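[1] what shape does this take:
(2 chains)
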Amino acid sequence: MSRITDCFSELHLSGKKALIPYLTAGDPNVATTLGLMHALVTNGADLIELGFPFSDPSADGPVIQRAIERSLAKKTTLRSVLEIVRQFRTTNQRTPVVLMGYLNPVECMGYQKFTETAVAAGVDGVLLVDMPPEEGHDLQPILRNAGLETIYLVAPTSSIKRIEAICKQSSGYIYYVSLKGVTGASNLDVESVATNLARLRKYTKLPLGVGFGIRDAESAAQIAKVADAVVVGSALINRIAELKDQDNYTLAQLAQQTSLIADMRKAMDR
Amino acid sequence: MSEHLIQHKTYNFPDQSGHFGPFGGIFVGETLMPALEELNRQYERLKHDPAFWAEFDYDLANYVGRPSPLYFAERLTRIGGGARIFLKREDLNHTGAHKINNTIGQALLARAMGKTRIIAETGAGQHGVATATIAARLGLECHVFMGVDDIQRQSANVFRMKMLGTNVVGVSSGSRTLKDAMNEALRDWATNVDNTYYIIGTVAGPHPYPMLVRDFQSVIGREVKEQSLKQIGRLPDSLVACVGGGSNAIGLFYPFIDDKQVRMIGVEAGGLGLETGKHAAPLSAGQPGVLHGNRTYLMNDADGQIIETHSVSAGLDYPGVGPEHSWLKDLHRAEYTAVTDDEALAAFRTLTRSEGIIPALESSHAVAYALKLAPTLPSGHVMVVNLSGRGDKDLHTVAAIDNIKL
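    Residues are numbered from 1 along each chain as shown, chains lettered A, B, ... in the order given. Next up is the predicted model:
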């Protein structure tokens, strides 16, 4: 059993839904990112999606674009992000970490080398936004053999044929993109999300996470009613963007700055 | 089978899944996958419809002014002192470059698909103008994404687009140039995918774009074949074209792929010199990677981050290249080389003074390499250089280099 599977079965048993924050590693710097990961767990996060930066994030809205630009300005690399995970694992062996980003840095490192380093660091899954299942035929077997989950996206525009194919190739969980557009957009429609998730459940037993457009405790609670996991990115990044580029924040300070996650946790568990 | 769809004996790319060997493919977020599948389905249907190509041909003849001449550049040939140099005069097309061939084809596709809103990216503004032009003619709403740095460098083309009724959207993310404009266009498309058609300006992007842009631009090479047979009684010995994304080069090369005796040479932007790292020559000095929906040769650093490119020519200032060029390079069917900014500028002046033709700075790269190569070849050698665009848009750039204020 993988850490991701364990995480979802435990939540299922206790009747809770997963809360998954996304943060861009290296924003404002790698030391603070490590502190933020622990703070997010303190605030009730169940799984962390850790973004590694790419110079051309064409599926992201302005909030995450700017986080990535700040991270790149600090010369954050895929290697340094993997190092953050390794350090996180020295004190936390429980919370699953999914690496999220674009394919090119992974290609550049090499599929084999990336997979070995990720496993050694304690990564649990990989979500590459610009690698649809059709293009995953080389990387995915390597990830699978190493015990890493491959998380794929499903969009409101996905046809039944695509949904079937995506479900077949996915492991860990499936990330349902709640709206047409890029990360951080604002036109969330809970009813249509519910309809689409019901359609999706016919093709998979995997947990279904929903992201894009979830910005506060209320929308998190609404989505938690229909999904297995709530993913929050841009709304959290907005809070993180207020942090200064210093490396001596205390856990309490970082937990305070990301109290949005604690609020969401409370609302989701109510 | 329409003459527009060239059937090669041994070369049949892309394959069903949009790959040119290891290159090409579809690397986009899931939201866009269904839109690309739909585009592919529609194009596969329309490309077997004679009425579609009849309308395309009609527009190329009566609106663009095709065929464009194949012109023997006698004085340029004398300066080269070797091979006979012919110029394919794409600069004489309506809007002044080869870009319009593609925007006409894609706008017809957009209309057939019932899309009412057009978006495009542009660097130098040539593709933006060609898109704005066809949108005006078809009465379609049009938004063109352009890096804010390019907006400053290419103010005349920005004004042309606005005159044509297009909304020019400044992009201030990343390096604020062409690649960032393309990112922003992809974001807009993902958001407005229901009513919007994205007209990509070159043979890059996710499948089916590299294929359909190639098919529309292949009119260049088809005409050269015909004209060459008629004017000199045989095929040319070599073809020379500049390569940024590579649409004018593919347009010229593609119909000749089976004619193995014809050398094909793509000329990249060497900027300040390949050894300086300040260039835009991924085929000459990059490595394969994934950007803007396809796998191709790229310019990136050791961590896979795309690096900023440099070229005096905004139209070549792009860190990637069409995936089919990557494949033709690896197959050794085409050769790729680079010339520097200075060499391109010298060729710009030479062609202007010797033939009375002011070339675009992009096309000047092809002319510069032709002038290097010609003296090494016998006078019986026939070389066709694609003069992909005219240079009016570059007068400000050249004047600034000469310290002249216009």
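[2] which residues of chain A fall in strands?
    Here chain A has its strands, by DSSP state E, at A:18-24, A:48-51, A:97-101, A:125-128, A:149-150, A:153-154, A:174-177, A:208-211, A:229-232.
[3] possible to save these as TSV with distance to B:Thr202?
    C-beta: built from backbone N, CA, C; applies to glycine. Formatted as TSV, the strands of chain A follow (distance: least, CB to CB, whole Å):
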stretch	distance to B:Thr202
strand A:18-24	30
strand A:48-51	29
strand A:97-101	26
strand A:125-128	25
strand A:149-150	32
strand A:153-154	27
strand A:174-177	28
strand A:208-211	32
strand A:229-232	35
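[4] got CSV for those strands, with distance to chain B, mean pLDDT and mean neighbour count too?
    Shown next, in CSV, are these (distance: least, CB to the nearest CB, whole Å; pLDDT from 0 to 100; neighbours: other CB atoms under 10 Å in any protein chain shown):
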stretch, distance to chain B, mean pLDDT, mean neighbour count
strand A:18-24, 14, 98, 27
strand A:48-51, 14, 98, 26
strand A:97-101, 10, 98, 25
strand A:125-128, 9, 98, 24
strand A:149-150, 13, 98, 22
strand A:153-154, 4, 96, 24
strand A:174-177, 6, 96, 26
strand A:208-211, 12, 96, 26
strand A:229-232, 14, 98, 26
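[5] from B:Gly125, how far out is B:Phe95?
    No Phe there; residue B:95 is Thr. B:Thr95 is 10 Å from B:Gly125, where distance means CB to CB, to the nearest Å.
[6] comparing those two, which residue is more hemmed in?
    Neighbours per residue, other CB atoms under 10 Å in any protein chain shown: of B:Thr95 and B:Gly125, the larger number sits with B:Gly125, 27 against 21.
[7] quick one: secondary structure of the nearest residue to that one once chain neighbours are set aside?
    Residue nearest to B:Gly125 in three dimensions, not counting chain neighbours: B:Asn157, with 2.7 Å by CB to CB, 6 or more residues apart in numbering or on different chains. When classified by DSSP: H, G, I helix; E, B strand; the rest coil, B:Asn157 comes out as helix.
[8] any idea how far B:Asn157 lies from A:Asn92?
    When B:Asn157 is compared with A:Asn92 (using CB to CB), they lie 54 Å apart.
[9] point out where the stretch 1-150 of chain B drops to low pLDDT.
    For the stretch 1-150 of chain B, the stretches flagged by pLDDT under 70 are B:1.
[10] and B:Ser68, what element?
    Under DSSP states H and E, no helix or strand contains B:Ser68.
[11] quick check, it in contact with B:His94.
    No. Counting by CB atoms under 8 Å, B:Ser68 does not reach B:His94; the two are 10.5 Å apart.
[12] tell me which parts of the stretch 1-150 of chain A are close to chain B?
    By CB under 8 Å from any CB of the partner chain, the residues of the stretch 1-150 of chain A that approach chain B are A:53-62, A:65, A:69, A:72, A:77-79, A:102-109, A:129-132, A:134-135.
[13] of those, just the buried ones, PyMOL syntax please.
    The buried residues among the residues of the stretch 1-150 of chain A next to chain B can be selected in PyMOL (16 or more other CB atoms under 10 Å in any protein chain shown) with this line:
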select buried, chain A and resi 53+54+55+56+57+58+59+60+61+65+69+72+77+78+79+102+103+104+105+106+107+108+109+129+130+131+132+134+135
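[14] okay, now the closest residue to A:Ser80 other than its chain neighbours: neighbour count?
    Using CB to CB, 6+ apart and skipping residues adjacent in sequence, the residue nearest A:Ser80 is A:Val30, 5.6 Å away. Look at A:Val30: counted by other CB under 10 Å, it has 21 neighbours.
[15] pLDDT score for A:Val30?
    At A:Val30, the model reports a pLDDT of 98.
[16] so it makes contact with A:Lys74?
    Yes. Shown here, A:Val30 and A:Lys74 form a contact pair, counting by CB under 8 Å, at 7.5 Å.
[17] just want the most central residue of chain A.
    A:Glu49 (2.7 Å; CA atoms, centre = their mean).
[18] higher neighbour count, B:Ser68 and B:His94?
    Remark: of B:Ser68 and B:His94, B:Ser68 carries more neighbours, 23 against 17, as counted by other CB under 10 Å.
[19] residue 165: what's it in contact with?
    No chain was given, so I picked chain A. Each residue near A:Ala165 by CB atoms under 8 Å, 6 or more residues apart in numbering or on different chains is listed here: A:Pro133, A:Glu134.
[20] my question was about chain B
    By CB under 8 Å, 6+ apart, the contact list for B:Gly165 reads B:Ala132, B:Ala135, B:Ala136, B:Cys142.
[21] can you convert those residues into TSV and add a column each for distance to B:Lys329?
    What follows is these, written out as TSV (distance: CB to CB, whole Å):
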residue	distance to B:Lys329
B:Ala132	33
B:Ala135	34
B:Ala136	38
B:Cys142	34
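[22] including distance to B:Gly221, secondary structure and neighbour count, could these go into TSV?
    As requested, those are arranged in TSV below (distance: CB to CB, whole Å; DSSP: H, G, I helix; E, B strand; the rest coil; neighbours: other CB atoms under 10 Å in any protein chain shown):
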residue	distance to B:Gly221	secondary structure	neighbour count
B:Ala132	26	helix	29
B:Ala135	27	helix	26
B:Ala136	28	helix	15
B:Cys142	29	strand	24
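[23] what is the rounded mean pLDDT of stretch B:161-178?
    Stretch B:161-178 comes out at a mean pLDDT of 94.
[24] from chain B, which residue is nearest to chain A?
    At 3.1 Å from chain A, B:Gly304 is the closest residue in chain B, using CB to the nearest CB.
[25] ok, that residue - contacts?
    Per CB under 8 Å, 6+ apart, neighbours of B:Gly304: A:Phe54, A:Leu78, A:Asn104, A:Pro105, A:Val106, A:Glu107, A:Cys108, A:Met109, B:Gly289.
[26] and the residues you listed, which is closest to A:Lys266?
    Nearest to A:Lys266 out of the contacts of B:Gly304 is A:Phe54 (CB to CB; 33.9 Å).
[27] measure the closest residue to B:Ser218 other than its chain neighbours to B:Ser354 for me?
    Nearest non-adjacent residue to B:Ser218, counting by CB to CB, 6+ apart: B:Tyr254, 4.9 Å away. From B:Tyr254 over to B:Ser354 the distance is 30 Å, taken as CB to CB.
[28] looking at the two, which one has more neighbours?
    The neighbour comparison of B:Tyr254 against B:Ser354 (other CB under 10 Å) goes to B:Tyr254, with 22 against 16.
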